[in-house]
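Visitor: Fold the following.
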Amino acid sequence: MNVRKNRTFGKKAACLLLCLALCLLQAGIASAAETRTVWSWQFEIQDDNTAKIIAYRGADTELIIPNELDGFPVTAIGDGVFQLKQKITSVVIPDGVETIGSKAFSSCDGIGKIKLPGTLKSIGNRAFSNCKGLKEIVLPERLETLGENPFALCDNLTDVSFSNPNQIFEVRDGALINKEEARLVAFLHQTDNGSYEIPGDIRIVGSSAFVECKELTAVKLPDELEVVEESAFNRCTNLEELILPQSLRRAENRAFANCEKLTGVAIPDALTDMPGNPFMGCIQLAFISLSSTNPRLEMKDGVLFDNEEKRLICYPCAAISKEYEVPEGTEIVGVSSFENCKYPVHITLPSTVKTIGDFAFSNCYSLEEIDVPDSVEQIGIWAFESCINLKRFTVPSKITELNMSLFNRDNQLVEVVLPDGLTVIGDNVFTDCKSLTNINLPDGLTTIGVAAFSGCDWLEEIKIPSSVNSVGTRAFSGCINLKSVNLPGEITIIPDGLFEYCEQLTAVTIPDQVKAIGSNAFSGCRALENPYIPAGVKTIGEKAFKDCEKITKVTLPKTVKTIRKQAFLNCKSLIYIVVPSSVQNMGDMIFNDCADDLVVWVEKGSKAEAYCDDNVYDYRYWDGSEPTTETEETKTDIWAEP
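Guide: Have a look, this model is predicted:
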């Protein structure tokens, strides 16, 4: 009996496991089918069987958002769904919607009216930012969450109200305020001849609360203010007067950035927390005063430091010294610490520096030389971007990754020495370094990012190490003098736009491992001659060889299945191309504007033959051998009488 019971249990368990597996399989299928499209609307099905709109491809000017899609009630509008759709003039959001995502309607200049539903609970960061036509808006009483200033850069928005009193938020004294947090969320562009006094009970000025309020010339901060968040007063370009209260304890990165008329500022003793440079880009700021009793901050030769972190916070933009030595003992050159400074011309970093922060020297347009010690272990994104007079740079030996846009637009940079241990060159690192003529990439490099060398006009040759296994889109696009380049054997895809507009590129060896040639990969390579396309390539991308004017002949391998539209458009010298029967998908205008005597060699009964018939291209039958222009074959006369 026991044995029978166990066997019965085993059968039941097996059935249960089978049911569970089927349920999991169905769940997987449901998960894969979560995104749907109905007319102009794309949406996700959420866990509660409601719809979240994630894209809109319509052209309505008076936009009425549906309350349901495919039977699923709409409860959320995702991030950036309507961003930059400037033809929209009015918006009606239906009841049922509870969430509007970050930048959902950002930069919709034409919007003059928005009707929000009473069910709305959350509005994301900058959801309606830069809607220049918006003058008034009524917020619902159920609203619970407001992200970073949803109405930033709405220059004409002066009338914000609530349909009924809200427990968390209120509009008072020309500002949208979070009562629970004593936070000023958004300034509503109401000044008294350019002056504004922040209500006395405010403890936090929120991120971007006053961003680009150019009418503001003076602001009185409340005596009990504690925090000014990131970019709170960024680009208040006419702000001349600023007195920081003694209660202020934290000023975040770019809090007062680009306030171009500020000439001086006094730091109160309570202010000890500066995670970045609050005064970045204040081009007339020459003087920062600080009490010697401040427990954490210190002025050293007119430069602001955090002694606890051994970090340089702010080099005043209006300082005029052409030489500057960062003091010994400094370990961090902080985020944006020199950004937008006209001077110095020459900077020396001490051997104690370990980190150069994001944007640290960005747009230092007079900087010609910087001595970076080998002690540096990390350099942040955009750190030397737009240093247009920087000519040479030696990357410290401990650096393994060059982060995004590190030298972007340094158009006088002629020489960069890379360390042996470098493994990654990130996106846009050398973009538009127009004077760079040569660079040695170290063995061991694995990754070259998106547009990493794009626009390096005078780069003539580059040797890519065999260790590289990833190259980003447009990595060498616009290198108009690049003549030769090798591609490592590990590359399996020629990325989109890799050599686009490399007008002097004459030859390139496509590795045997390559399976696809991306869109615009060689577009505009006017000097490129007869590329060898290896067996294994399955796809020729859209406009892959467009405007390659010196290509005369191409033989596609029998692995190619797809040739996308305009792949060989305007190859004016192309007189023959072999298209095997393996090709099953052919886009529009593949051979348009090629040589007048172009012959497409095809296999009888193939997709390519039908394509040539349909598109009026001359063709001949191919027997598998290499064709020549002298081969005497019966040329199909598509104009012949039947």
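Visitor: What mean pLDDT does stretch 441-452 get?
Guide: For stretch 441-452, the mean per-residue pLDDT is 97.
Visitor: buried residues in that stretch?
Guide: Under the neighbour-count criterion of 16 or more other Cβ atoms under 10 Å, stretch 441-452 has Leu441, Leu445, Thr447, Ile448, Gly449, Val450, Ala451, Ala452 buried. Any C-beta I mention is one placed from the backbone N, CA and C, and that applies to glycine too.
Visitor: In strands, which of those residues appear?
Guide: Members of the buried residues of stretch 441-452 lying in strands (criterion: DSSP state E): Thr447, Ile448.
Visitor: ok, the buried residues of stretch 441-452 vs Asp623, which is closest?
Guide: Of all the buried residues of stretch 441-452, Ile448 has the smallest distance to Asp623: 41.7 Å, by Cβ to Cβ.
Visitor: check contacts around the closest one.
Guide: By Cβ atoms under 8 Å, 6 or more residues apart in numbering, the contact set of Ile448 is Ile425, Ile464, Val468, Ser470, Val471, Gly472, Ala475.
Visitor: is it fair to say Cys612 lies in a helix?
Guide: Yes - under the criterion used here (DSSP: H, G, I helix; E, B strand; the rest coil), Cys612 sits inside a helix.
Visitor: Not counting sequence-adjacent ones, nearest residue to it?
Guide: The shortest distance from Cys612 to any residue other than its chain neighbours is 4.2 Å, reached at Tyr619 (Cβ to Cβ, 6 or more residues apart in numbering).
Visitor: so that neighbour sits right up against Ser606, yeah?
Guide: No - when contacts are counted by Cβ atoms under 8 Å, Tyr619 is not listed as touching Ser606 (9.8 Å).
Visitor: Name the residue in these two with the higher neighbour count.
Guide: Under the neighbour definition other Cβ atoms under 10 Å, Tyr619 and Ser606 were set side by side, and Tyr619 has more, 23 against 19.
Visitor: How about that one: which residues does it bridge to?
Guide: Beta-bridge partners recorded for Tyr619 (DSSP bridges): Val600.
Visitor: Just the pLDDT at Leu25, thanks.
Guide: Reading off the per-residue confidence, Leu25 sits at a pLDDT of 42.
Visitor: oh sorry, the question was meant for Asn193
Guide: What the model reports for Asn193 is a pLDDT of 89.
Visitor: ok, it - how many residues close by?
Guide: Summarising burial for Asn193: neighbours were counted as other Cβ under 10 Å, giving 8.
Visitor: distance of it from Leu216?
Guide: 11 Å (Cβ to Cβ, to the nearest Å).
Visitor: which residues touch Lys543?
Guide: Contacts of Lys543 (Cβ under 8 Å, 6+ apart): Ser519, Asn520, Ser523, Lys565, Gln566, Ala567, Leu569.
Visitor: Show the pLDDT at it.
Guide: 98.
Visitor: one step back: can you say which two of the contacts of Ile448 are spatially most distant?
Guide: Using Cβ to Cβ, the pair of these lying farthest apart is Ile464 and Gly472, separated by 12.6 Å.
Visitor: And the two? Which one has more around it.
Guide: Counted by other Cβ under 10 Å, Ile464 and Gly472 do not tie: Gly472 has more neighbours, with 21 against 17.
Visitor: Could you report the pLDDT at that one?
Guide: What the model reports for Gly472 is a pLDDT of 97.
Visitor: dump the residue contacts of the residue lying closest to it once chain neighbours are set aside.
Guide: The shortest distance from Gly472 to any residue that is not its chain neighbour, by Cβ to Cβ, 6+ apart, is 3.6 Å, and that residue is Val450. When contacts are counted by Cβ under 8 Å, 6+ apart, Val450 touches Asp427, Asn428, Gly472, Thr473, Arg474, Ala475.
Visitor: on that earlier part again, buried ones only from the contacts of Lys543, please, as a PyMOL command.
Guide: Under the burial definition 16+ other Cβ under 10 Å, those of the contacts of Lys543 that qualify are selected in PyMOL by:
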select buried, resi 519+520+523+566+567+569
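Visitor: now, which of the contacts of Lys543 sits nearest Asp79?
Guide: Comparing the contacts of Lys543 against Asp79 with Cβ to Cβ places Ser519 closest, at 26.4 Å.
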